[in-house]
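Give me coordinates for this.
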Amino acid sequence: MKEQLYFLNMILFSFFISCCNDDDMMIKEPDGMVVDCSEMDCSTPGDFYGVGVMNEECWIADNTELEINTPSAMMLVNLRKYESNSIDGYLYFIVNKHTDLNDTIWLGFSYSNVPIPNVARTKYTYLEDHSIVGDFDFSPDDELTYNDFLIIDYFNQDTSIVEGHFQVRFPQRSVNHFVNAPDSMNIQCGRFRVSEY
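Numbers count the residues shown, from 1 in each chain. Have a look, this model is predicted:
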């Protein structure tokens, strides 16, 4: 009887510890994972913008788009950059409908038909005449780093304005040889203010 009680207590204790660890993961601002952005000043042209530090240089989107309550997502944030040689780059975040916008949203891979709460799909895609010629991405085999995140700072459903900040380091690169793409893509100090079109 004492052995059974001992094992039951050990199981309950293990369960309690694992629950606490999961709760610790859902914090608003990831401690020790965020770069100090006070020294990095990338201008924000206009009322709506997308900016960040990509591979230690300012990256400024030329166009921003927002879709709210699409059939498969709560919101889609798209930051477009006119690249060289008629190739456009698109950084987008697909936030699924199982996400709490008051919590940290982790960035990685998620299937649209099996959404994971508080995990947003993100990708940087190169397009030439509506054809994909490369991308930086996460694969289904990549585990969440808890270093790649999106935080929604402001969301006004009436006016369809969303503001947020993010940090992402893409582990996968698949780009055609003629695309003038960096060897790796690391965006820090990212922030945006977008409106539904």
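
Sketch out the low-pLDDT regions of the protein for me.
1-35, 38-39 (pLDDT under 70).

Strands along that one, start to end?
49-54, 57-60, 63-70, 73-82, 87-95, 105-108, 119-128, 131-137, 149-156, 161-169, 172-175, 186-195 (DSSP state E).

Now do the last one: distance to the chain's middle.
Same thing as strand 186-195. 10 Å (Cα atoms, centre = their mean, to the nearest Å).

Pairing partners for that strand, with directions?
strand 49-54 (antiparallel), strand 161-169 (antiparallel) (DSSP bridges).

Run through the bridge partners of the residue most central in space within the chain.
In the chain, the centroid-proximal residue (Cα atoms, centre = their mean) is L107; its distance is 3.9 Å. Beta-bridge pairing for L107 (DSSP bridges): A120.

quick one on the thing from earlier: could the strands of the chain be laid out in TSV, adding distance to M40?
Glycine gets a C-beta too; all of them are placed from N, C-alpha and C. Below are those laid out as TSV (distance: least, Cβ to Cβ, whole Å):
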stretch	distance to M40
strand 49-54	5
strand 57-60	8
strand 63-70	20
strand 73-82	17
strand 87-95	17
strand 105-108	20
strand 119-128	19
strand 131-137	21
strand 149-156	17
strand 161-169	12
strand 172-175	24
strand 186-195	5
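
returning to what we had before: quick check: which of the strands paired with strand 186-195 is buried the most?
strand 49-54 (a mean of 22; mean count of other Cβ atoms under 10 Å).

Serialize the strands paired with strand 186-195 to JSON lines and add fields for distance to D129.
Shown next, in JSON lines, are these (distance: least, Cβ to Cβ, whole Å):
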{"stretch": "strand 49-54", "distance to D129": "23"}
{"stretch": "strand 161-169", "distance to D129": "26"}
